[in-house]
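1. predicted model and sequence follow; I will ask about them next.
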Amino acid sequence: MIHRQSEPTNGRPASARRGVLFTAFEPSGDDHASVVIAELKRRAPDVPVYAWGGPRMERAGATVIERTGEAAVVGVPGVGKILEHVRINRRVEDWLDKNPVALHVPVDAPDANFAICAMARRRGARVMHLVAPQLWAWREGRIRRLRALTNLVLCVLPFEEQWFLSRGVPARFVGHPLFETPLDEAALDAVAAGFGDGSPKIALMPGSRPGEIKRSFPPLLDAYRQIRRDFPRTRAVIACTKPEVEAFLRRSAQRLGGWPEGLLTAVDQTDAVIRWCDLAVVASGTVTLQVAKQAKPMVTFYRLSQLYRVLHTLIGRWLITTDLFTLPNLIAGKRIVTELVPHFGDGHELAVGVYRLLRQPGLAEQQRQELLAVTRKFQGRRAGILSADAILEMLGVSPAASAAPPSTPPSPPTAAAAAQPA
């Protein structure tokens with residue numbers, strides 16, 4: 001049962017507000033929302049879907065008012081980013097005045113989205129959060145504001161539903177889009193064959209946001225050089241989200257001593273890179289769940305911006321409310337993968353984490369089994385379908401008769417697939 005609150009109508013009858021507005025300001029939000037939008041358009045094609053969002057949302061069928069997410073930040077945004085969002089908010093507010101919608105669906109990014117939620121509610125729209133704001137990790141005090149600005153929070157992580165419900169926020173666990181469909185292993189193998197062989201084979205994942213890529217690449221490069229000195233047959237592939245990232249890394253490497261031997265790049269082939277590797281070194285984020293889906297051992301880390309380093313040193317213990325940061329660890333409720341968060345050093349600690357996995361096969365196998373247990377928590381949950389269900393229910397829209405064919409939930413990786421040597 002969806003918790004419903006009374007909203008101001010701003011003088012407009014509910015019948016005049018049928019559309020849905022999605023607002024996403026990060027690449028991961030573009031991914032999450034696109035799955036839901038595609039399902040909405042398939043099941044209720046007459047419902048207008050608008051977005052401040054990215055290319056995946058547009059391809060899924062949304063009318064994108066403005067493109068967002070190209071320069072997303074995590075943590076505390078700088079002055080320039082704050083001013084940019086102030087300008088965006090003014091344009092959203094003007095658009096909402098001219099285009100009343102029935103429902104606003106903010107996707108994660110609470111610092112960017114909360115102001116828009118308030119605008120939407122003042123104009124009579126309901127609000128349904130897609131991807132729960134990570135208040136369980138830091139700045140839990142924002143829970144009061146979330147409670148005032150939402151009708152329902154759709155949670156993508158299994159522990160979140162109870163966390164929000166226990167604090168008076170309507171919530172529903174819908175699963176994660178990454179686990180919507182099984183991997184095409186034959187297609188991934190065909191791509192991975194082009195990466196060549198090595199011992200070990202390491203995936204390097206610097207992240208997707210410009211700022212985090214800039215911060216994470218130097219220690220990744222340093223770690224690779226250390227590992228290759230000790231294991232001369234090492235080969236690594238950097239998973240790049242787009243060609244611009246690859247070009248940036250090539251330029252950066254020239255300032256950091258040159259591009260080392262045995263290091264390759266792959267653009268928009270993250271799953272193939274994971275399939276190929278023996279283990280991964282990952283800038284902590286959603287991609288850790290992609291690695292977990294294939295049950296590959298990993299070392300995770302996250303380097304903070306200079307501003308956030310200062311804030312972490314001064315007041316971090318009051319802002320941060322969790323002892324775990326990497327998603328597989330949070331879902332497991334314990335430390336199953338190495339996480340260096342926050343990480344302030346060079347690549348040495350990352351290399352040490354890799355050495356432990358290489359020299360202790362039992363540790364790598366234990367991590368694989370723990371990752372399999374994490375992926376099983378998502379079994380049977382189809383995030384796109386369940387999120388669309390909730391949206392259509394809140395809109396009071398009956399989907400087309402042919403809208404929801406039965407589907408088989410994806411299976412987690414088999415133990416045999418997870419047993420590849422590290």
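-> Nice, thanks for sending it over. Numbers count the residues shown, from 1 in each chain.
2. what strand or helix carries residue 204?
-> Take DSSP states H and E as the rule and residue 204 turns out to sit in strand 201-205.
3. could I get the buried residue list for that strand?
-> Residues 201-205 are the ones in strand 201-205 that count as buried (16 or more other CB atoms under 10 Å). In short, each C-beta sits where N, CA and C put it, glycine included.
4. does anything pack onto that strand? Which helices or strands?
-> In terms of contacts (3 or more CB pairs under 8 Å, 6 or more residues apart in numbering; DSSP states H and E), strand 201-205 is packed against helix 210-230, strand 235-240, helix 270-276, strand 279-283, helix 287-293.
5. flag the shaky bits of the stretch 301-422 of the chain, pLDDT-wise.
-> 305-322, 399-422 (pLDDT under 70).
6. run a quick neighbour tally on residue 197.
-> Residue 197 is flanked by 9 other residues according to other CB atoms under 10 Å.
7. helix/strand/coil for it?
-> Taking DSSP: H, G, I helix; E, B strand; the rest coil as the rule, one finds residue 197 in the coil state.
8. give the full set of residues in contact with the residue nearest to it when sequence neighbours are not counted.
-> In this structure, residue 197 finds its nearest non-sequential neighbour in residue 235, 6.8 Å apart by CB to CB, 6 or more residues apart in numbering. Counting by CB atoms under 8 Å, 6 or more residues apart in numbering, residue 235 touches 195-202, 262-264.
9. in the beta-sheet assignment, what are the partners of residue 235?
-> Listed beta-bridge partners, residue 235: residue 201 (assigned using DSSP bridges).
10. what's the separation between it and residue 203?
-> 10 Å (CB to CB, to the nearest Å).
11. now the one helix or strand residue 118 maps to: how far from the chain's centre is it?
-> Here residue 118, judged by DSSP H and E, is contained in helix 110-122. Chain-centre distance of helix 110-122: 20 Å, with CA atoms, centre = their mean, to the nearest Å.
12. state the mean pLDDT of that helix.
-> For helix 110-122, the mean per-residue pLDDT is 93.
13. got the buried residues for that helix?
-> 110-121.
14. next secondary structure after it?
-> Next along from helix 110-122, by DSSP H and E: strand 126-130.
15. now the angle from that next one to helix 110-122?
-> 160 degrees (axes from the mean of the first three to the mean of the last three CA atoms, to 10 degrees).
16. list of residues touching strand 126-130?
-> So strand 126-130 is contacted by 4, 7, 22, 32-33, 36, 102-108, 113, 117, 120-121, 146, 149-154, 387, 390-391, 394 (CB under 8 Å, 6+ apart).
17. list only those of those flagged as buried.
-> Buried among the contacts of strand 126-130 (16+ other CB under 10 Å): 7, 22, 32-33, 36, 102-108, 113, 117, 120-121, 146, 149-154, 387, 390-391, 394.
18. roughly how far apart are the residue positioned nearest the centre of the chain and residue 140?
-> In the chain, the residue lying closest to the centroid (CA atoms, centre = their mean) is residue 286, at 3.7 Å. Distance of residue 286 to residue 140, computed by CB to CB: 21 Å.
19. count of neighbours near the nearest residue to residue 252 once chain neighbours are set aside?
-> Nearest in space to residue 252, with sequence neighbours left out and distances taken as CB to CB, 6+ apart, is residue 217 at 5.7 Å. If you count neighbours by other CB under 10 Å, residue 217 ends up with 22.
20. kindly report the same for residue 361.
-> Residue 361 - counted by other CB under 10 Å - has 12 other residues nearby.
21. returning to that earlier point: restricted to helices, list the contacts of strand 126-130.
-> 32-33, 36, 113, 117, 120-121, 146, 387, 390-391, 394 (DSSP state H).
22. the strand or helix carrying residue 264 vs helix 210-230, what angle?
-> Residue 264 belongs to strand 263-267 when elements are defined using DSSP H and E. Angle, strand 263-267 to helix 210-230, by the same axes, to 10 degrees: 150 degrees.
23. what comes into contact with strand 263-267?
-> With CB under 8 Å, 6+ apart as the criterion, strand 263-267 contacts 191, 195-196, 204, 224, 235-243, 245-246, 249-250, 272-273.
24. can you list the strands that it pairs with?
-> Checking strand 263-267 against DSSP bridges gives partners strand 235-240 (parallel).
25. now the helix or strand just after the partner strand: mean pLDDT?
-> Remark: after strand 235-240, the chain's next helix or strand is helix 243-255, criterion DSSP H and E. When pLDDT is averaged over helix 243-255, the result is 96.
26. helices or strands up against helix 243-255?
-> helix 210-230, strand 235-240, strand 263-267.
27. the closest residue to residue 269 other than its chain neighbours and residue 274: what is the separation?
-> Counting by CB to CB, 6+ apart, residue 269 lies nearest to residue 191, which is 5.7 Å off, once chain neighbours are set aside. Distance, residue 191 to residue 274, by CB to CB: 11 Å.
28. the two: which has the busier surroundings?
-> Ranked by neighbour count (other CB under 10 Å), residue 191 and residue 274 place residue 274 first, with 26 against 15.
29. residues contacting the more buried one?
-> By CB under 8 Å, 6+ apart, the neighbours of residue 274 are 203, 239, 280, 290-291, 293-294, 296.
30. and which of these is nearest to residue 161?
-> Checking the contacts of residue 274 against residue 161 by CB to CB gives residue 293 as the nearest, at 20.9 Å.
31. measure that closest one to residue 158 for me?
-> Distance from residue 293 to residue 158, by CB to CB: 15 Å.
32. so these two - more neighbours on which side?
-> A direct count of neighbours by other CB under 10 Å for residue 293 and residue 158 places residue 293 higher, at 23 against 16.
33. so the more buried one makes contact with residue 375?
-> Yes - with contact defined as CB atoms under 8 Å, residue 293 reaches residue 375; the gap is 5.8 Å.
34. want to try TSV for the buried residues of strand 201-205, with distance to residue 56 and pLDDT as columns?
-> Below are the buried residues of strand 201-205 laid out as TSV (distance: CB to CB, whole Å; pLDDT from 0 to 100):
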residue	distance to residue 56	pLDDT
201	29	98
202	28	98
203	22	98
204	24	98
205	19	97
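35. which of the residues you listed lies closest to residue 135?
-> Looking across the buried residues of strand 201-205 and measuring by CB to CB, the closest to residue 135 is residue 205, at 25.8 Å.
36. I'd assumed residue 280 was in contact with that closest one.
-> Yes - proximity of residue 205 to residue 280 meets the contact threshold set by CB under 8 Å, at 6.2 Å.
37. any shared contact partners between those two?
-> Counting by CB under 8 Å, 6+ apart, the shared contacts of residue 205 and residue 280 are residue 291.
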